[in-house]
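Peer 1: please work out how this folds:
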Amino acid sequence: MKWRLPLLLSSIRYKLLLSFVVFIMLPILITVMVYYEVSKELLVSEINQTNAEVLGKTTERMNTTAERIVKASHLIVNDPDILDLIRNDRDIEINDYPTFQKYLGVNKKITNIRDFLLENEAYVAVFDFKGHMYSTWTSRNAAKSYQEFQKEPWFQQTQTATGTPIWQLAYTNNIENDYVPQNTQLFIMTRLIKSDTGKGYGIVFIGVPIQAVLPEIDTHEDVNKSAQMTPNQLFLMQNHNLMLGSMELFNQLSLNSLNPDTTTRAGYLINQSMVKQLGWELVSVTPQKQFTGQLQALRNKSILWLTLLFLFFCILFILVMFKVIKPIKILHRSMVKVGNGDFASIADIRGNDEIATLSHKFNAMVLNLRKLIERLSEEQQRKEEARFQALQAQVKPHFLFNTLNSIKWTARLSGAEHVSQMITSLGKLLSYAMNNDREVTILKEELDFLQSYVNLQNVRFNNEVSLDIRVPEVLLEAKLLKFTLQPLVENSIIHGNRSPLSITIEAYIEHRDLLIVVKDNGLGIHQRPSSESVADKQLTSSKFSGIGLNNINDRLQMHFGEAFGLTIESGETEGVVVTVRIPFLKGDIQHDSGTDRG
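Peer 2: Sure, this is the predicted structure:
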């Protein structure tokens, strides 16, 4: 696997696909996840704030209800008519009209207090210790109802109290009467009615349905009942003991050990509020799964759609990528073939985009390379042929040179000094011509070669050709190409058509260039045949040098640059002046490879 990853990354297709995944799809997925987490935090914060507001309103409602109940109890406890009636030792008889009127007045007063301070669904009653009950509801059997109430735990607890209010939540009314529905859960307060001496004469009972105080709590929920997963659950505690709520969830969340700053526990949002009037603590518990479930479902749906879109766009991207990469692969295969030596391979890519343009340029380059290689192959073949011919030709000059040396010494021994000198000059020419190991020579050697050449020509022209060399000694070591001056002198001899013929060679320096001037006193340029004036074509093999003037000019420009070469012009009065311009160079000539200053 370790070696396959670099292999995959070496392909531009996988690089593009990886770039698409890393730089497009992954940022989108990360953005969705971050958005989900931020949304979750914002939602938790909003719900927590909303729960705190709702819990605050519930606590305020409980405080207000408790305050009204306490005020109502104050009015009842301190009312002189009620006190007078319940302290009366006589039983209430129907024929005792004044006492009966007081009884009716107390009932009406209790009802008025309820209507003034409490809501209509509140239940208010006064119990004396003689078996009488004064209430806001009607009972078919008051005596029986009194006996039933007397058996309630709160009755005995209030009777022994000192007159402080006693509160009880979730009191279930099991007494059947005409006004209070049976099994109704009430939020009640009971209080002892006593005299100034502290003697108790009765009990005030005020009850309000729990739904009017805590609408969020299920009034039929048992504290021992299993916890139900509801959107919001309320717990009522006193001194960290559970009064109302699910005991299982209470123990699960350890709500009896909450700190005032606790906001979450075990996946639940926690909100706390104190009911100051009662000394009770109201706790709201909200499972986070209830409100994050939809958000999580939305996230999962978003990820699912994102995955589907990712797959769709991946397929689309791959199709487009293959279409784009295909020309590159074709070009790559052609490059590999060309690199392996197959110059017949071309990249057949159509279009006008950058890849097509690149393929066109590549094809043109391959075509040029193929032509260049063919040309180099032909040149190499010609060089091999020339080398073979040169090897063949070297045999004859060496044999001829050795033979000439023998003839020279024979002529000298025979007293034919003139013949010996001619043979010596011819030997020098052959020796200079046979030295093929270097192309560059010095001016002195080229001038010596010219002197021998003119000596031989004088044999032919009966000493009618004179050579005047006017070159400063300091310039004799200047470098130049071999056989640069000989064709110029030969051209003057052949085309000068003047007897006697005078040829002058001068040399001087001009702007760091060496100028060699060859001039004669023969016919002018316009007087000479046009086909021979510039030597446009190479001389025939019957001539000595076989090198044309254009050839010399091309050689000079190829070796030194286009700024150098030959110039031909007529003399001031007669003849032709040929000027050779080359850079002035001195030094080793054994391995000179040319100096291009053009």
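Peer 1: the nearest residue to residue 150 once chain neighbours are set aside and residue 305, how far apart?
Peer 2: Closest residue in space to residue 150, ignoring its immediate chain neighbours: residue 127 at 7.6 Å, by CB to CB, 6 or more residues apart in numbering. Glycine gets a C-beta too; all of them are placed from N, C-alpha and C. Distance, residue 127 to residue 305, by CB to CB, to the nearest Å: 69 Å.
Peer 1: same question, residue 354
Peer 2: 36 Å.
Peer 1: show me what secondary structure element comes after the helix or strand of the chain with the lowest mean pLDDT.
Peer 2: The weakest-scoring helix or strand in the chain, judged by mean pLDDT, DSSP states H and E, is helix 530-533 (a mean of 41). Next in sequence after helix 530-533, counting helices and strands by DSSP states H and E, comes helix 549-560.
Peer 1: pull the CA atoms of that following helix into CSV?
Peer 2: Below are the C-alpha coordinates for helix 549-560, written out as CSV (Å, rounded to 0.1, in the frame of the first residue of the first chain):
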residue,chain,number,x,y,z
LEU,A,549,35.5,32.6,-53.6
ASN,A,550,31.9,32.1,-52.3
ASN,A,551,33.1,29.0,-50.5
ILE,A,552,35.8,31.1,-48.8
ASN,A,553,33.3,33.7,-47.8
ASP,A,554,30.9,31.1,-46.3
ARG,A,555,33.8,29.4,-44.4
LEU,A,556,34.8,32.7,-42.9
GLN,A,557,31.3,33.6,-41.8
MET,A,558,30.6,30.1,-40.4
HIS,A,559,33.8,30.2,-38.5
PHE,A,560,34.1,33.8,-37.3
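Peer 1: return the list of helices and strands in contact with it.
Peer 2: Under the contact criterion of 3 or more CB pairs under 8 Å, 6 or more residues apart in numbering; DSSP states H and E, helix 549-560 touches strand 479-481, helix 486-495, strand 565-570, strand 576-583.
Peer 1: ok, now with 6 Å
Peer 2: strand 565-570 (3 or more CB pairs under 6 Å, 6 or more residues apart in numbering; DSSP states H and E).
Peer 1: tally of neighbours for residue 70?
Peer 2: Counted by other CB atoms under 10 Å, the residues lying close to residue 70 total 16.
Peer 1: tell me which element it falls in.
Peer 2: Here residue 70 is assigned to helix 26-77, by DSSP H and E.
Peer 1: surely residue 172 forms part of a helix?
Peer 2: No. Assessed with DSSP: H, G, I helix; E, B strand; the rest coil, residue 172 is strand; it does not lie in a helix.
Peer 1: so it sits against residue 185, correct?
Peer 2: Yes. If you go by CB atoms under 6 Å, residue 172 and residue 185 touch, sitting 5.4 Å apart.
Peer 1: the more surrounded of those two?
Peer 2: A direct count of neighbours by other CB under 10 Å for residue 172 and residue 185 places residue 185 higher, at 20 against 11.
Peer 1: how much space separates that one from residue 359?
Peer 2: Residue 185 is 89 Å from residue 359, where distance means CB to CB.
Peer 1: residue 473 too?
Peer 2: The value you get for residue 473 to residue 359, if CB to CB is used, is 63 Å.
Peer 1: more crowded one of those two?
Peer 2: A count of neighbours by other CB under 10 Å puts residue 359 above the other of residue 473 and residue 359, at 22 against 7.
Peer 1: surely the more buried one meets residue 349?
Peer 2: Yes. Contact criterion CB under 6 Å: residue 359 and residue 349 qualify, at 4.0 Å.
Peer 1: mind listing the residues bridging to the nearest residue to residue 516 once chain neighbours are set aside?
Peer 2: The shortest distance from residue 516 to any non-neighbouring residue, by CB to CB, 6+ apart, is to residue 580 (4.3 Å). Beta-bridge pairing for residue 580 (DSSP bridges): residue 516, residue 566.
Peer 1: what's the answer for residue 442, then?
Peer 2: Under DSSP bridges, the beta-bridge partners of residue 442 are residue 479.
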